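Peer 1: Please find the sequence and the predicted model below.
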Amino acid sequence: MKRNFVVAMTGASGAAYARRLVEVLCAAGCDVHLSISPAAQAILKQELDLSVDPEHFDPSTLMLDTGSPPRDEKLQWIRTAAGISSEASNVLSVASGEPGQIHYHHYLDFTAPTASGSFVTHGMVICPCSGGTLSAIVHGTSANAIHRAAEVHLKERRKLILVPRETPLSLAHLENLRRAAELGALILPAMPAFYHGVTSIQDLIDFIVARICDQLGVEHALIRRWGS
C-alpha cells in the first residue's frame, strides 16, 4: 500500500525546501496531499520564480522531476557509498517502482480528506512553517484547512513535523515551539549542516529534506551521512 503524506507550504522563507520535499516523496513512491497558503504562493514566486495558482493548481508548475538520472558525480558517489546502484534508483531517491502522485487540496477546503482523522495518513510536514501557522496550531484555532490537518495529526497521534525558518526567534516563537513539542509535534528547524561535503545550495536544501525523510521513514540517498 502506498504511503500518504500531507505536505503544507506556509508563509515563511524556504520554498525550495518544500518543493524538493514533494519531489523526493513522489520519487520514493509516496502520495503527497499538498496544500499551499496564499503567503506561500507569493514566496514561491519571489524565491523560485514559480507562478502557482491555488485555485486551479497544476502540479507541473512545481517542475517535478521524479526519474531523471544522476546530475553530477558527487550525487553518484553518495549513492554508491549508500550501496544503491544506478540501475535501481533515480536522482532523488532509492528504487520505489511507480512514482507517487500529488493530490492538491485548497487551503480553505475543510471538506478535504486531510481534515478528518478517518483519512489515514502516515505523517504531515509543514515546510516551511510560518510563525503565524505555528501559533494557530498550538492554540487550536483551525482558521484554515492546513491548521485543521495539523490538528488532526496531533489528535490522532500521527507524526507532525514543523519546519520553522525564522531568525532571530522571539519569546513568542520559542514559547510556541515549546508548546508544539509538548503537544506532540516534532520541531525540525531549517538549519542545514556542512559536514556532508557541501559544494552548492542544493546540498544544503537536500540536507534538510533528508532529515525530514529520515523522520518519516522514507528511504533516500540525498546526502553522505556522518561517518560514511
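Peer 2: Cool, got the structure. It should be emphasised that the depicted structure is a prediction, and the values quoted were computed from it without experimental measurement. Residues are numbered from 1 along each chain as shown.

Peer 1: Give me the below-cutoff pLDDT ranges for this protein.
Peer 2: 63-96 (pLDDT under 70).

Peer 1: could you pull out the helices for it?
Peer 2: 15-27, 38-48, 73-81, 131-138, 145-155, 171-183, 201-216 (DSSP state H).

Peer 1: so who does the residue lying closest to residue 204 once chain neighbours are set aside touch?
Peer 2: Counting by CB to CB, 6 or more residues apart in numbering, residue 204 lies nearest to residue 192, which is 3.9 Å off, once chain neighbours are set aside. Placement of C-beta: from N, CA and C, glycine included. With contact set as CB atoms under 8 Å, 6 or more residues apart in numbering, residue 192 has these partners: 198, 204, 205, 207, 208.

Peer 1: Is residue 30 in contact with residue 4, as I believe?
Peer 2: Yes - between residue 30 and residue 4 a contact is recorded at 7.3 Å, counting by CB atoms under 8 Å.

Peer 1: would CSV of the helices of the chain with mean neighbour count be doable?
Peer 2: Putting the helices of the chain into CSV (neighbours: other CB atoms under 10 Å) gives the following:
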stretch, mean neighbour count
helix 15-27, 25
helix 38-48, 17
helix 73-81, 16
helix 131-138, 22
helix 145-155, 23
helix 171-183, 14
helix 201-216, 20
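
Peer 1: Tell me which of those helices lies nearest to residue 226.
Peer 2: Checking these against residue 226 by CB to CB gives helix 201-216 as the closest, at 11.2 Å.

Peer 1: any idea how far residue 23 lies from residue 7?
Peer 2: 11 Å (CB to CB, to the nearest Å).

Peer 1: Equivalent analysis for residue 13, please.
Peer 2: 17 Å.

Peer 1: between those two, which one's more packed in?
Peer 2: The residue with more neighbours, out of residue 13 and residue 7, is residue 7; 24 against 15, by other CB atoms under 10 Å.

Peer 1: Spit out the contact partners of the more buried one.
Peer 2: Counting by CB under 8 Å, 6+ apart, residue 7 has contacts 18, 21, 22, 25, 32, 33, 34, 35, 124, 125, 126, 127.

Peer 1: contacting residues for residue 165?
Peer 2: 12, 13, 14, 17, 128, 129, 189, 190.

Peer 1: and those, which two are the farthest apart?
Peer 2: So, these by CB to CB: farthest apart are 13 and 189, at 12.5 Å.

Peer 1: these two touch, right, residue 45 and residue 54?
Peer 2: No - using CB under 8 Å, residue 45 is not in contact with residue 54; the gap is 11.8 Å.
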